[in-house]
Structure formats: structure tokens, C-alpha cells
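The following comprises the amino acid sequence and a computationally predicted model.
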Amino acid sequence: MPRFQRITCDNARNSSRMKRILLFTVVVILAATSIVLAQQAAQATLRLPAGDKPIPILHQNLMTFFSATDVITALGGTVTPDSHGFKVTLNNVVAAFGPDSRFAVVRDDLIEMPLPPVVVDGKPYVSAQFFAGFLSRAADMEVSWDSNARVLSIKPQQHTVANVQLSVANVQGTTKVVITLSAPVDYSILKEQQAYTIHFKTPIHAPYNDQAHEDPNVAHTTFNGNDLVIQLTAPDVVGDAYRLENPIRIVVDLRKAAAPPASGVLPPAVTRPVEAPGIHTIVIDPGHGGKDVGALGPGGTMEKDATLALCRKLAASLAIKTGARVVLTREDDSVVSLDQRTAIANQYKADLFLSVHMNAAVVKGARGSETYYLSLEASDELARKAAERENAAATTPSSDLKLILWDLAQQEYVNESSRFATDVQEEMNAIAGIQNRGVKQAPFKVLVGATMPAALVEVAFISNPEEETKLKNDAFVTTVVDALTRAVVRYKTDYETRIGVIQPTAPEKKPAAPAPAATTTTK
């Protein structure tokens, strides 16, 4: 081949190679640019009573994230970074969240988000669920997102006035005060010197101002604005409270406290059987339900469906293996508030409470199981001091403390909850292919107020395609049910042994070695 032809061919090959390199470089640049653009915020409209303004948003894992800084600043609040993530302040109400958790802390409560926040260029982006949870507490506002119009609307909450009916009846020494409501309401209950006050956090229409009652435990019931005061006949009247649905009712059971026996006088003989100490009633809580679908898997599996299917099998297994009464907080696709879940456990006087959930994360490879129990110190310094004040003020009988269904749990149950959570996590770790994410502490609202050992287990990451597939497999679900059943049986046996209901099995004695045969001598 002539030399100039070889040079021409070499130049052509070099030119072709350069074009391929240039093309590859352009593709890489475009790919990188697309990644950056995917993380860059698009535009949406923030609709406030004062008018509209543009806000940045971004899409990731089929979820829309909103700039927390832009939304909160538009409402007159602040978002500042701290050592654990970000702190949000509005109207002196503080919330905190971090990029590694889908739970934000506000006061003694948690706000659950479908996915953890995303941080882009140091700026936090959160889902609409964060604003809905935080603004209802901090500014009495409601939030809605119109994905088609790309409008995030924030406006004052529209409170429906609830009609109230009240009845007082005494049955065998126990007075039942039943407050029937025409609409759902938030409320708190306070024990005073000789009264219980129910404070309704939404407007009510009272049936009367004041009414006297010919009852051994209740003297008067008085409506004062949004407060109902149940005036007791004596300081030694104590009570328990719980909530019922369909229709919505608050029930307060009042009775005389048992008087201590006089010195040298034996208490009267028991005339009816008393249930022995131990684990007799177990409440299982399938997370989410109804319009609250929970986390979504990439294949469309909803957390509310996965938890209900698993918990139905778990309840049947526990009933057989423990002999205890097993109660589900929901048996169908219905809405059960977080407050009501714990109230159901308290109403049934449960000895054990387990809430079952499925986890989610932005990181696609996140996998494994983790178990939580209530922490009185996990939120922040302010929450820790509040917990200390509550514990220091807890000088009333425990039956009175049970009435405050949504206060911080008592320390005695936290210690037992730690044991229970450890048993759950260790049994989950025994499942082949399950990654151990450990036992953790957090102020889950569904655990706050539980007057029994309580734990919350995140079975698997529904956001992980592999684990989502497992959760749809009957064999895997059965394996998880077996592990959770072993955990409950293990805790039940340990607890009942520690309190003396079950006598510890004595170690088997080894049989004594036979005596050596006598030797005889012959002469």
C-alpha cells in the first residue's frame, strides 16, 4: 500500500476514534446533566391565604418533594441546619428531621413520611405529609397537593362543630360516663383534685351548661367553652378512659379506690376469681389503613395491605401458641387513628402491644428489619426535660395515670418494652436473608400512652423491590409470623418466670456414680 494511503487510512481511523470519543463524552455530559437536572428543583405554586408564590419541587422515586425552606419561610417560620439534620420553627413550635429517617419529631409526636427528606445543595426537600403533620400542630392549618395543577394549598383548618351527648349510669359500683360525639375530635384528659376535665381541641356544641347527678361517684357535669368538667363526689374516686367508634364515644369508668386495710385487720376474702399475673391479652396493630396507605413499593404494594395480611396470620398463630386473647386494632381496611390504637390496647387492658409496619427509604438497596420501643429522651433536649417533669409529677395512683392516654408512657413499661423489642429483633435476625438493623428508640405516637410493654417492628423495606417481592410470598410471610410468634412466646415465658408465675426448670441431676463393688479375697 502506498505510504500516503496508509497515512490517509490512519488519519481516518484516528478521526473516527476521535469522533467516537467526542460522542461518548457528549453522552456522558448529557447523562450527567440529566442527573443534575433530575435533582434540580422544578417549579410549583404555593397557594396561601395571602396569595400565590412559586416554590421549587423535585421528583424522586415517584414522589414529589417540596422545599421545606421556601414553604416554611413563606409562612413566617425558619428552617435551620443542626447536628442531626434540620430544625423547623413556626409559632414557637419546633420540629426536627434528618435525611436518614422518614420520621420527623414534633413535640412528643412523630410525623411519618413515605420517604426520608432529600437534601440538594444543602437545602432540605420533604413530602407533603411533613407539612400536613407539622402545620396542623403549629398553625392549625391543613395542606393539600394537586399534582395535575402542581399547586400546594395551605389554608386554615375548617373545624366542624361536634354535637355532644352525655349519659351517666352506675353499674355495680362503677359509674360509666359516656360522651357521644357527632364528629371526630381531638381531646386531652386532666385529673384534678376532685374532678376530671376533658378538653376538646375542636369546637363542640354542649347539651347543657351544668347538671347535677344522683350518683355515688359523679356530683356534677359542667360544660365550659370547650371543656367538660366531671366533678367527683370524693377525692378517692379514680378512673380509666378509652375511646370507642361507630358512633364515636369517650367512656370514663369511675369507681372508689380500694382503701388500705386498717392495722391488724385482714382484708376481706375474695369472692370472685382474680386473673393471675402474666400475659393474658395481646394487642396486634396492623400499621396504617383506609386512606392512610403507608409506604408504597415500586411494584405498587401498599404498606396497609401488607401489614394487615401479616397481622391476621400472626393473631391466629399467637392465639394457638400462647393461649392468650389476641386483639387486632383493625381487622379490615379501615382508618384507625394513632391515638385510638393505643386506646384500644388500654381499653382491653392488654399485657403486650406490638405494632407491625413496613419500612421505606430513598436508597434503593436499603433492606432488613428493625424494632423500636418508646424513648422518653429521643426527640430533643426540650422533650427530655418535659419527660422528666412528667415523671417527677407522677405521684397519683397508676389508675389515674392510665386516664391520660396520650401522655408519655411510664418508665416501668419502657424497661419491659426494651426487653420485648430485643426479643422481637433477635428472632427476626434468625430469618435467613434478613439484615439486622438493630433495636432503636423513638417517640412513636402509636406507642405513647401504652400502659403495657409495647414495641414497633419494621419487618422489611417495602421500597426495596426484592423485599417487596418477599412480602407478597406466603412462605416468607409465614416465616416472619413464626419469628414474631417465637418472640412473643419467648418474652411471655421470660416475664412470667421473672414474676414467679412460671417456676424455673431445675437443671437435671446427673445420676450418682455407682459405688465400686466390694472386693473379696480368698485364702
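Great, that's in hand.

switch to C-alpha atoms for all contacts and neighbour counts from now on
Noted.

Per the annotation, how does this structure divide into domains?
1-37, 40-156, 162-256, 281-513 (automatic domain parsing).

Make JSON lines from those domains and add mean neighbour count and mean pLDDT to it.
Output for the domains of the chain, formatted as JSON lines (neighbours: other Cα atoms under 10 Å; pLDDT from 0 to 100):
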{"stretch": "domain 1-37", "mean neighbour count": "11", "mean pLDDT": "45"}
{"stretch": "domain 40-156", "mean neighbour count": "18", "mean pLDDT": "90"}
{"stretch": "domain 162-256", "mean neighbour count": "17", "mean pLDDT": "88"}
{"stretch": "domain 281-513", "mean neighbour count": "19", "mean pLDDT": "79"}
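
Leaving out the residues flanking it, which one is nearest to residue 104?
residue 97 (4.5 Å; Cα to Cα, 6 or more residues apart in numbering).

same question but for residue 472, I mixed them up
Per Cα to Cα, 6+ apart, closest to residue 472 is residue 306, 7.7 Å.

how about residue 467, secondary structure?
helix (DSSP: H, G, I helix; E, B strand; the rest coil).

In contact with it, which residues?
367, 460, 461 (Cα atoms under 8 Å, 6 or more residues apart in numbering).

make it 7 Å
460, 461 (Cα atoms under 7 Å, 6 or more residues apart in numbering).

what about the residue nearest to residue 472, which helix or strand?
Residue 306 belongs to helix 303-322 when assigned by DSSP states H and E.

need the helices for the stretch 251-400 of the chain, in chain order.
Using DSSP state H, counting those that start in this stretch, the helices of the stretch 251-400 of the chain run over 303-322, 338-347, 381-392, 398-403.

Heading C-terminal from the last one, find the next helix or strand.
I take that to be helix 398-403. Moving toward the C-terminus from helix 398-403, the next helix or strand (DSSP H and E) is helix 411-429.

helices or strands next to the following helix or strand past that following helix in the packing?
Downstream of helix 411-429, the next assigned helix or strand under DSSP H and E is strand 436-441. Judged by 3 or more Cα pairs under 7 Å, 6 or more residues apart in numbering; DSSP states H and E, strand 436-441 is in contact with strand 369-373, helix 411-429.

Residue 482 is nearest to which of these?
helix 411-429 (9.0 Å; Cα to Cα).

the inter-axis angle of the closest one versus strand 369-373?
170 degrees (axes from the mean of the first three to the mean of the last three Cα atoms, to 10 degrees).

Pull the distance from stretch 280-300 to the chain's centre.
11 Å (Cα atoms, centre = their mean, to the nearest Å).

Stretch 185-204 now?
With Cα atoms, centre = their mean, you get 23 Å for stretch 185-204.

Span of that stretch from start to end?
Distance across stretch 185-204, first residue to last, is 9 Å (Cα to Cα, to the nearest Å).

Name the residues that touch that stretch?
For stretch 185-204, the surrounding residues in contact (Cα under 7 Å, 6+ apart) are 159, 161-164, 226-232, 234-235, 403-404.

and the residues you listed, which of them are in strands?
Applying DSSP state E to the contacts of stretch 185-204, the entries found in strands are 162, 163, 164, 227, 228, 229, 230, 231, 232.

which residue packs closest to the fifth one, ignoring adjacent ones?
Leaving aside its sequence neighbours, residue 228 sits nearest to residue 198 (Cα to Cα, 6+ apart; 5.1 Å).

so what's that neighbour bridging to?
Beta bridges link residue 198 to residue 189, residue 228, judged by DSSP bridges.

and it, how far is that from residue 243?
For residue 198, the distance to residue 243 - Cα to Cα - is 13 Å.

next one: phi and psi at residue 489?
Backbone geometry at residue 489, expressed as degrees, to the nearest 10, gives phi -60, psi -40.

How about it, nearest residue that isn't a chain neighbour?
Here the residue nearest residue 489, using Cα to Cα, 6+ apart, is residue 322, at 6.4 Å.

cool, and residue 349?
Distances taken as Cα to Cα, 6+ apart place residue 281 nearest to residue 349, at 7.3 Å, with adjacent residues excluded.

wait, that neighbour sits on residue 323?
No: Residue 281 is beyond contact range of residue 323, at 9.3 Å (criterion: Cα atoms under 7 Å).

mind checking how far the residue nearest to residue 472 is from residue 460?
Going from residue 306 to residue 460 by Cα to Cα gives 10 Å.

Now the common contact residues for the two.
By Cα under 7 Å, 6+ apart, no residue touches both residue 306 and residue 460.

can I get the helices and strands packed on strand 436-441 in a markdown table with distance to residue 310?
What follows is the helices and strands packed on strand 436-441, written out as a markdown table (distance: least, Cα to Cα, whole Å):
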| stretch | distance to residue 310 |
| --- | --- |
| strand 369-373 | 15 |
| helix 411-429 | 14 |
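
now for those, which one comes closest to residue 439?
That would be strand 369-373 among the helices and strands packed on strand 436-441, by Cα to Cα, at 4.9 Å.

so what strands line up beside the closest one?
Going by DSSP bridges, the partners of strand 369-373 are strand 436-441 (parallel), strand 454-461 (antiparallel).

what's in contact with the first one?
Contacts made with strand 436-441 from outside it, assessed by Cα under 7 Å, 6+ apart, are listed as 368-375, 378, 421-422, 425, 429.

Let's have these in CSV, adding distance to residue 347.
Output for those, formatted as CSV (distance: Cα to Cα, whole Å):
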residue, distance to residue 347
368, 33
369, 30
370, 28
371, 24
372, 23
373, 21
374, 20
375, 23
378, 27
421, 22
422, 26
425, 27
429, 32
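
Could you identify the most distant pair in those?
Among these, 378 and 429 lie farthest apart (Cα to Cα), at 24.2 Å.

now the residue nearest to residue 104: how far from residue 113?
Following Cα to Cα, the distance that separates residue 97 from residue 113 is 10 Å.

Spell out which residues are contacts of both of the two.
residue 103.

can you give me the strands in the stretch 151-300 of the chain?
151-156, 162-171, 174-181, 187-191, 195-200, 204-205, 210-212, 218-224, 227-232, 237-244, 248-256, 281-286 (DSSP state E, counting those that start in this stretch).

ditto for the stretch 1-150 of the chain
42-48, 51-60, 63-67, 78-82, 85-90, 93-97, 103-106, 109-112, 118-120, 123-126, 141-146.

What lies in contact with the third one?
The contact list for strand 63-67, computed with Cα under 7 Å, 6+ apart, reads 56, 57, 58, 59, 124, 125, 126, 127.

now do 10 Å
The contact list for strand 63-67 (Cα atoms under 10 Å, 6 or more residues apart in numbering) reads 41-44, 46, 55-59, 114-120, 123-131, 145, 147, 150, 152, 296, 362.

ok and it relative to strand 151-156, angle-wise?
Angle of strand 63-67 versus strand 151-156, following the same axes, to 10 degrees, is 60 degrees.

got the strands paired with strand 369-373 as JSON lines, with distance to residue 497 columns?
Conversion of the strands paired with strand 369-373 to JSON lines gives the following (distance: least, Cα to Cα, whole Å):
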{"stretch": "strand 436-441", "distance to residue 497": "23"}
{"stretch": "strand 454-461", "distance to residue 497": "19"}
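
circling back to that earlier point, so the residue nearest to residue 104 bridges to which residues?
Residues in beta-bridge contact with residue 97 (DSSP bridges): residue 86.

quick one: contacts for it?
Contacts of residue 97 by Cα under 10 Å, 6+ apart are 81-82, 84-88, 103-106, 110-111, 116-117, 124, 126, 130, 379.

Try it again at 7 Å.
85, 86, 87, 103, 104, 105.
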